[in-house]
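**Student:** Sequence below, structure please.
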Amino acid sequence: MLSRPFLATGRVLALALLASLTSSLPAQVTSSQAKGNPNAPASKWDIFVGYSLLDPRGTFYPIQPDGSVLPVSFKLEKTGIVESAAYYFNRNVGVVVEGGEHDLFTNTGFASTGSSNSGILTLQSGIIYRWPGIHLTPFVHGLAGGADVDGPDHEPYTWGPVVTGGGGLDWYFGCHTMGIRIFEADYLFMHANSGVSHGTLAADDFTWADDENINAFRFSTGIVFRGASYYNPVSGCGPMPPPEMACVATPNVVFPGEPVTITATPTGLNPKQTVTYEWTGVGVQGNGSIATVPTASLPAGTYTVHAKVTEGPKHPQSADCDASFSVKAWEPPVLTCAASSLTLNPDQTGTITLTAHSPQNLPLTYSCTTTAGAVTMNGNIATLNAVGAPEGPLTVHCKVDDDKGGSAKCDSTLTIVVPKPPLPHVQPLCSIDFGTDAQHPTRVDNEAKACLDQVALALQQNPDSTLVIVGEAAGSEVAGPTVVGAQRAVNTKQYLTTEKGIDPARITVVIGGENSKEVEDYLVPTGATFTSDVPNTTPIDENIVKPQERKPLPMRAHPAAKPATLKAKPADKAKTPTPAKKPEQKTTRPDDKKKTAPAPAVKPYPGP
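**Tutor:** Here you go, the predicted model:
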């Protein structure tokens, strides 16, 4: 019997081989297509029948009829046959079922005790892996199953487990279905437990028995029949399928001017044949299995390129394919305009910013024109000079162009505004003081001459202006402020019209609301509004208030004219402040004892 270390090592090796082949099956199903010769035929299934030689190893010690223990070994089993059938998932990996018979029912001794020395039957299944070649196809396999073992010393047939690992080499006659398995070499590990020897020779019922671990080596050869269905057959191995071809356009969407490449990929061609390609289509330029299409002159649309591959001249075959691509028109740019200001004075300039975008990032050029004025460009900024433009709206037309003929437009409308001249205002002239002569409170005396001369001169120098005379009166005056103030204004107007020759139509008289004994004179230019600048006045009805007859009075000193002031509206005092009045000058009569200087000579005002 073999030593325990040797037996254990054999069992481990067999189990390891079987486990490795089993675990590699999923990966091999997907990745093994490229293993072996890719041009070699590979059958879907094959059947093997052949002669087999089995060499069981080991020394065993069954109990003999006399109770002794006798060392016995298996003999070489030369009479054997092996049959197997394999089915392949792809070019490399498959499953296999196998049966082996060796020295069955030979050397039979006792009818009840089996053969005198060995007979082994194995039934197994497992995995097979091959490397297909044109002629030679090596393979390995791993199997497991059952073994029916007899011997080595009259032990009865007993079933036990068996595992097998090994490989071989097949040789085929070219592309024919029949081949020869040159060799198949396997290692087998079997276990058979036929129990303990029992019975007696005298009773003719003695049975030799043993518990056996068997290490065996098997060598086989025979005939292989290959299935008629092949993976990737080559020329001469049955009828060749027609070639196929696929075409791909890259890219399949372009803009005019961008090239398109068409790639043709044939399959199933015979490498021994001459291959030619034909290309047809608008502008296509073919070079073998690759063609290009220039698109600069192609209008937008969809185009198809046709390719044909032919192998020959022997057994000519051909395949066709089409590839389509689209030419997309260049997309025009998008433009917006934004003016810095919507209104301009004729002496101002404004800017218009052009914002454009090209979907294909093409270079852009900007331009603008205007209906009035002048426009200059600096990149995407247009500057409008409004000099010479008439008052009212004008339009700036802007445009952007790309280098492919695309364009976009936008308009900006601006308004030219001519500034209005400032409105004229009432100009205050000098005022006349009526508080110096209590006896004649409304009489225009010689003291007013200097002021009224200034008023007359102002009217002469401004022929388009008019004059408003505001009569004022104090509340303490006996006749009443309204009557007194109106009479003072009318008398003043009378002097200017009779003495200075001023047109009465240019003079308006009103009553003011000041608590004073004065007459105020205001020059009103064309366009000015008196009531806006001097509020709180009341027009005088000159049909009711008539000028009084003016009689000469004794001559007295002529006071200086008071400076002119402009009464401001209560709400406008901050805009038009009224200057403070100068202290009223007292008139010094000629007979005043306290005068310190001689009174100026005053020309008597002739009475009416």
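**Student:** Helix, strand, or coil at Gln454?
**Tutor:** Here Gln454 is recorded as helix under DSSP: H, G, I helix; E, B strand; the rest coil.
**Student:** Go ahead and confirm it touches Leu429.
**Tutor:** Yes: the criterion here is Cβ atoms under 8 Å, and Gln454 meets it with Leu429 at 6.3 Å. Glycine gets a C-beta too; all of them are placed from N, C-alpha and C.
**Student:** quick one: which of these two has more around it?
**Tutor:** When Gln454 and Leu429 are compared for neighbours, Leu429 comes out ahead with 24 against 15, by other Cβ atoms under 10 Å.
**Student:** For the more buried one, what is the enclosing helix or strand?
**Tutor:** Here Leu429, judged by DSSP states H and E, is contained in strand 427-433.
**Student:** what is the mean pLDDT for that strand?
**Tutor:** In this model, strand 427-433 has a mean pLDDT of 92.
**Student:** Give the other helices and strands that it contacts.
**Tutor:** Packed against strand 427-433, as judged by 3 or more Cβ pairs under 8 Å, 6 or more residues apart in numbering; DSSP states H and E, are the following elements: helix 449-461, strand 518-524.
**Student:** gap between it and the chain center?
**Tutor:** Computed by Cα atoms, centre = their mean, to the nearest Å, the chain-centroid distance of strand 427-433 equals 79 Å.
**Student:** orientation of that strand relative to strand 518-524 in degrees?
**Tutor:** Strand 427-433 and strand 518-524 are oriented at 160 degrees to each other (axes from the mean of the first three to the mean of the last three Cα atoms, to 10 degrees).
**Student:** which residues in this protein form helices?
**Tutor:** In the chain, the helices defined using DSSP state H lie at 4-23, 25-31, 449-461, 481-499, 530-533.
**Student:** where among these is the average confidence lowest?
**Tutor:** Sorting those by mean pLDDT places helix 25-31 lowest, at a mean of 39.
**Student:** tell me the angle the strand holding Leu429 makes with helix 481-499.
**Tutor:** Inter-element angle recorded for strand 427-433 and helix 481-499: 110 degrees (by the same axes, to 10 degrees).
**Student:** Do I have it right that Pro504 meets Val490?
**Tutor:** No: if you go by Cβ under 8 Å, Pro504 and Val490 don't touch, sitting 10.9 Å apart.
**Student:** Which one's more surrounded, those two?
**Tutor:** Val490 (22 against 12).
**Student:** For the more buried one, which residues are in contact?
**Tutor:** Gly471, Val509, Ile540, Glu542, Val545, Lys546, Pro547 (Cβ atoms under 8 Å, 6 or more residues apart in numbering).
**Student:** what sits against the fourth one?
**Tutor:** Taking Cβ under 8 Å, 6+ apart as the contact definition, Glu542 lies against Val490, Val509.
**Student:** if you skip the residues just before and after it, what's nearest to Ser197?
**Tutor:** Ile63 (3.9 Å; Cβ to Cβ, 6 or more residues apart in numbering).
**Student:** same question, Asp205
**Tutor:** Gly199 (4.0 Å).
**Student:** for Thr122, same thing?
**Tutor:** Nearest to Thr122 is Gly100, by Cβ to Cβ, 6+ apart, at 4.3 Å.
**Student:** and that neighbour, how many residues sit next to it?
**Tutor:** Using other Cβ under 10 Å as the criterion, the residues surrounding Gly100 number 25.
**Student:** my guess is it contacts Gly119, does it?
**Tutor:** No: contact status for Gly100 versus Gly119: not in contact, 11.7 Å apart, counting by Cβ under 8 Å.
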